[in-house]
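> everything below, folded, please.
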Amino acid sequence: MELTAEEFPYSKENEEMVTQNFWTKTKKFAGKIPFTKDAIAMYYCAVDAKTPLWAKGIAFGALAYFISPIDAIPDAILGLGFTDDAAIIAAGIKAISGQVTNEHKEKAAAFFNGEK
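A predicted model of the protein is given here:
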């Protein structure tokens, strides 16, 4: 799955949903899903003022899907619930890989070290 800027144009609604709800869901599932660190790095990329708008659109779109209660595969289904979320996050990271900096990755790592 490959995402393009055209598929996830920047959306103020996605940005608001993510900035209001991202940490609640992330803290709830942080130790239970393997792609959490990538999602957090993507979040820091999305809120970075230096990130281009097209990359913010992809990041906020992917993160909005991750935190949305409406899913292709409900998160409550053990073993399968996060597979669609993982695919969207992985595709989003791939699409904006040149925009996710070491600083974003370091901030994600700091979250797991209890520094957030």
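
> flag the shaky bits of this structure, pLDDT-wise.
Regions of the chain meeting the criterion pLDDT under 70 cover residues 1-8, 31, 69-82, 115-116.

> show me what the longest helix anywhere in it is packed against.
The residue-count maximum for a helix in the chain (DSSP state H) belongs to helix 12-29. Contacts defined by 3 or more Cβ pairs under 8 Å, 6 or more residues apart in numbering; DSSP states H and E place helix 12-29 against helix 36-47, helix 53-67. The C-beta positions use only the backbone N, C-alpha and C, and glycine is treated the same way.

> just give me how far the longest one sits from the chain centre.
Read that as helix 53-67. 7 Å (Cα atoms, centre = their mean, to the nearest Å).

> list the buried residues of it.
54-67 (16 or more other Cβ atoms under 10 Å).

> closest to residue 85 out of these?
Using Cβ to Cβ, residue 66 comes nearest to residue 85 of those, at 4.8 Å.

> with adjacent residues omitted, what lies nearest to residue 19?
residue 47 (7.1 Å; Cβ to Cβ, 6 or more residues apart in numbering).

> next: residue 24.
Nearest in space to residue 24, with sequence neighbours left out and distances taken as Cβ to Cβ, 6+ apart, is residue 67 at 8.0 Å.
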